[in-house]
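Trainee: What follows is a predicted protein model with its sequence.
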Amino acid sequence: MRTKQLSTFFFLFTLVVLFALPESTSAASYVNNNQVYTYEIMEQDIKELAQAYPDLISYKVIGKSEYGRNIYAVSLGKGTSVVQVNGSHHAREWMTTMVNMNMIDQYANAYKNGSSYHGYNVRSILNNSKIWFVPMVNPDGVTLQQFGLKKFPSSDHAAIKKMNDGSMDFRRWKANAKGIDLNRQYDADWNNICCSPGRPYFKNYPGPRANYAKETITMVDFTNKTKPEMVVSYHSSGEILYWDFHQTGSWYDRDHALAKYIGKTTGYSLVYPKGYQSGGGLTDWFISHYKRPAFTIEISPYVGETSVPLSYFSSIWNENKTIGLYAANEGHKLFLTKYNPVKAAATKKVNDAFLASKSLRPYHTSNLKTTADIKATTSFISLYNKTGSLIKTAEQSLPGLTKSDRDFLSQYIVEAKSRKLDAARFIDAVYVGDQLLEQKGRFASLINQNKIDDNFVVQYNAMSSSINKAEQVMSRIYGSQYRQLTRDKYISPSKIARESVIYEVSRYNLLKIIEKELNNEQLEQIEERFAVLERLEDRSVQIKEAGNKLYPGKYPDHPEIEEQLVTLRDSLIQQYKEIVGIDETVFFQEIEQLYADYESLTTISSDLSILDSIYHAEEQVTFIDESSLDAESKVLYDEAIIKLSELSTFKEVVLLGEEILVLQGEIEAGQSDEQKLALVNEKQQLFVEKISILVNESIKQLLQETYSIQ
Ligand SMILES: [Zn+2]
């Protein structure tokens, strides 16, 4: 058992030393942590430090102990706001003096080097504020605990020994050398302090009245004189943190927040008193008297009624090394608040608005994983509204400030507004998107009624403009992925619904234009319009095929609508034919005549007028509705098409022949080059190819002779 304990201890000790090494050798050091830290050593260190950093450190004797030892206060820093750190109210807790002294030593060194100290800007903090250390409140007690009676007048030995229950072992001594517990001496519910031994004793005796011991009086006077914003009082042991002494409301919240931070930094547990709280401590008095924060920090794992072993110091220091700077920094903030309450109030309002605006963002960004998350929940809307009113309140708090304060705080309001605007854009998009989906639903049922008319087109156009509007609104959403998700939810299905009838509507619109022009006998563009209509009909089929490949079933055929469009088209074609006098029978006869003319051609030059007739015939054939022909007319139509095609070839051959004649003329006139000769050859070859298609041998011969091509 004993062996195991020893080896465990040795192992822990090794670890501590290993981990402590870089820290303890990294900075110039005046304080030696490897010795029992006495009053005399402290006194020496204080003097050395003040000499080493004359601009930064000063000290004074603020009072005397019951046995005439000096109670030192050491100031570190140049600023106007003040905080206090103290140690060794209790004799056996002298390691807390080491914590105080190391803070002075390390912070001064970091200040001199201009380096940050574990994340704290030491120069800035110590330029703004001053830390008053009282590293050893109870020098008599510490001396008694460390040396026993030998440093005290022999006339008092018996009395002191009696206070120690007759023991000569003073390692458990806690009080001052007069047997008064200094941290039960302050005027904070002093009459109700628990567990008094009723007489001077090595611990727990609160004295005959509050503020009786010289050391306590010294601390109260000094504290009243320096008026620190915050007090940190170091004790041992137990790794716990006292901070609560009857605070309420925002006062409680402020101190609780600071305590939580210290708890987090040190790893020590916050003490939450339930019911009765024993007072009498410096921090109890300070909290209740000044209504400012104060903390009693119990360093070290619990070690019982004795001093903390030196081997613990390095990890204790590591836990507490930034607490002095934290206190100074927070103290400075409290100082500023107090001396400019208008600014502090405005700062709080701006900060509230800013924080609220920041908390809006997840609702329209990181919370959105799928399209189902795209919504404006009631909590989002209410936070949005709250942010709006907080921004308004914050803005109203600015006019009383100086320009620079106003400018500073305005930046945060600007950012809060910008974040609120981002949220507003999302909420708008959801609102517009939900409306769009409703409209899409109504439009889909209209499509299912299978009736295309003017109302259908009106609804279609309304749908289109809603989509455009929604796209505009959604284009302003913060963050491309959330913008895309919102589009996926609202725009895509709406667009599919619209596109499923886009060509039906286009054709309907075009037919309506044709109808109007026919009614007004405006015929200039009619033929062109019918050609466009034909292209739209083809495209209509293609887009449905392509669409269904991408989104199967989303682009259904609408046979009844199709039928309405075809009927309308055919009736318009009929109307046009009647107006321009196209009679199909006459037309077929014309083709017949034309072809007969062609067969009877004897000289090309005498009857090139047939070319004009061919052009005319080609135009008219477009307006014969093949589907409306009866069987007999269909036969005629097919024949006419064959004849027309042969007439077309005839036309091409003649035109080719004319070109060849021109080229040959130029060559004969001496305007000859290789390129031109090649061109003539090429055209002649083409001429021969084309002419072979013609069926009438005598015409072939005639053409060849006319253009001298064999
Ligand atoms: Zn203590």
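Mentor: Everything's here; your move.
Trainee: Strands of this protein, start to end?
Mentor: 57-64, 70-76, 81-86, 129-134, 231-236, 240-242, 269-270, 294-299 (DSSP state E).
Trainee: The closest residue to the ion within the stretch 551-700 of the chain: how many residues sit nearby?
Mentor: Of all residues in the stretch 551-700 of the chain, the one sitting closest to the ion is Tyr551 (76.6 Å; Cβ to the ion). The way it works is simple: take the backbone N, C-alpha and C, and place the C-beta from them, glycine included. By other Cβ atoms under 10 Å, 13 other residues sit near Tyr551.
Trainee: From the ion, how far off is the residue lying closest to Val36 once chain neighbours are set aside?
Mentor: Nearest-residue entry for Val36: Gln146, 5.8 Å, with adjacent residues in sequence omitted and distances by Cβ to Cβ, 6 or more residues apart in numbering. Noted for Gln146: a distance of 16 Å to the ion, by Cβ to the ion, to the nearest Å.
Trainee: what residues are up against Gln146?
Mentor: Contact analysis of Gln146 by Cβ atoms under 8 Å, 6 or more residues apart in numbering lists 36, 38, 94.
Trainee: Quick check: bridge partners of Pro241?
Mentor: In this structure residue 241 is Leu, not Pro. Leu270, Ile297 (DSSP bridges).
Trainee: Quick check: it touching Lys260?
Mentor: No. Applying Cβ atoms under 8 Å, one finds Leu241 not in contact with Lys260, separated by 9.4 Å.
Trainee: who has more neighbours, the two?
Mentor: Shown here are Leu241 and Lys260; by other Cβ under 10 Å, Leu241 has more neighbours (19 against 13).
Trainee: residues in contact with the more buried one?
Mentor: 259, 262-263, 266, 268-271, 295-298.
Trainee: thinking Asn128 is in contact with Leu334, fair?
Mentor: No. Counting by Cβ under 8 Å, Asn128 stays clear of Leu334, with 11.8 Å between them.
Trainee: Report the set of residues contacting both of these two.
Mentor: The contact lists of Asn128 and Leu334 share Ser81, where a contact means Cβ under 8 Å, 6+ apart.
Trainee: tally of neighbours for the residue in the stretch 51-200 of the chain positioned nearest to the ion?
Mentor: Ranked by Cβ to the ion, the top residue of the stretch 51-200 of the chain for proximity to the ion is His90, at 3.5 Å. Neighbour count for His90, taken as other Cβ under 10 Å: 25.
Trainee: So whichever residue of the stretch 201-350 of the chain sits closest to the ion versus Gly207, what's the distance?
Mentor: Residue nearest to the ion within the stretch 201-350 of the chain: His235 (3.2 Å; Cβ to the ion). His235 is 18 Å from Gly207, where distance means Cβ to Cβ, to the nearest Å.
Trainee: ok so, going back, can I assume the residue of the stretch 51-200 of the chain closest to the ion is in contact with Leu182?
Mentor: Yes. Contact criterion Cβ under 8 Å: His90 and Leu182 qualify, at 7.2 Å.
Trainee: Need the overlap of contacts for the two.
Mentor: Taking Cβ under 8 Å, 6+ apart as the criterion, His90 and Leu182 both touch 138, 141, 175.
Trainee: Going along the chain, name the helices of the stretch 451-600 of the chain.
Mentor: With DSSP state H, counting those that start in this stretch as the criterion, the stretch 451-600 of the chain has helices at 454-474, 480-499, 502-519, 526-550, 559-580, 584-599.
Trainee: helices or strands up against the longest one?
Mentor: When you say that, I think you mean helix 526-550. helix 480-499, helix 502-519, helix 559-580 (3 or more Cβ pairs under 8 Å, 6 or more residues apart in numbering; DSSP states H and E).
Trainee: is it possible to export these to TSV including mean pLDDT?
Mentor: Compiled in TSV, the helices and strands packed on helix 526-550 are given as follows (pLDDT from 0 to 100):
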stretch	mean pLDDT
helix 480-499	95
helix 502-519	95
helix 559-580	91
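Trainee: So for stretch 309-325, what gets flagged as buried?
Mentor: 312-325 (16 or more other Cβ atoms under 10 Å).
Trainee: now what about it, what contacts it?
Mentor: Applying Cβ under 8 Å, 6+ apart, the external contacts of stretch 309-325 come out as 13, 16-17, 19-20, 23-24, 33-36, 85, 95, 98-99, 102-103, 106-107, 117-120, 122, 125, 131, 232, 234, 262, 265-268, 297, 299-301, 303, 308.
Trainee: from those residues, which would you call buried?
Mentor: 16, 20, 33, 85, 95, 98-99, 102-103, 106-107, 117, 120, 122, 125, 131, 232, 234, 262, 266, 268, 297, 299-300, 308.
Trainee: Out of those, which sit inside helices?
Mentor: 16, 20, 95, 98-99, 102-103, 106-107, 122, 125, 262, 266 (DSSP state H).
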